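Student: Compute the structure for the input listed below.
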Amino acid sequence: MILNGNAIRERRIISPFSERTRRFGLTYGVGPAGYDVRIDQDLVIPPAGFSLASTLEEFDMPNDVLGIVHDKSTWARLGLAAQNTVIEPGWRGFLTLELTNHNPPRSWWQLWRRQNDGAIVIKRGMPIVQIIFHLLDRPAEHAYSGKYQNQKRGPQPAILEK
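Tutor: Predicted structure coming up:
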């Protein structure tokens, strides 16, 4: 089952929590069946580029809820993809997002004519991805306690363990 906006609000999963708000022409905060989060840094992702980013919001996942990161349609239509990260039951911290610009590099002719070079510019505080929360049929027997638990603010690199 997917949590609706009222259930997300009641469970206090996200801090700071926002009601549905519009900024930069995009919405963030709680919606009918999800929550749209904002980015915590300015980014310019070049064509065919990749970047890590962090959310402004911090998560405290209940043991009976799993979150899935999804693209916002406006960004997807501009060529930006967010990898569909899973937020495990019991996980806490600031979410690191993996963002890819699928626009192809522009030719010298397009650049000379001053057409957009295909880079995607994202400003701190812009709504960036949506999270859909799924209710488990029962609480997880072993909540998340892995290497990304209590992740701090700011984009965090992969931790490769031997």
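Student: Can you name every helix or strand that the top helix by length along the chain contacts?
Tutor: Of all the segments assigned as helix in the chain under DSSP state H, the longest by residue count is helix 5-11. Taking 3 or more C-beta pairs under 8 Å, 6 or more residues apart in numbering; DSSP states H and E as contact, the helices and strands that helix 5-11 lies on are strand 26-30, strand 127-135. All C-beta spots, glycine's among them, are computed from the backbone N, C-alpha and C.
Student: Sheet-wise, list the partners of the shortest one with their directions.
Tutor: In the sheet, strand 26-30 lines up against strand 21-23 (antiparallel), strand 35-38 (antiparallel) (DSSP bridges).
Student: Helix or strand next in line after the helix or strand bottoming out on mean pLDDT in the chain, which one?
Tutor: Taking mean pLDDT, DSSP states H and E as the measure, the helices and strands of the chain show their lowest mean at helix 108-112, namely a mean of 54. Under the assignment DSSP states H and E, the closest C-terminal helix or strand after helix 108-112 is strand 120-122.
Student: Can you measure across stretch 17-28, start residue to end residue?
Tutor: The distance separating the two terminal residues of stretch 17-28, taken as C-alpha to C-alpha, to the nearest Å, comes to 10 Å.
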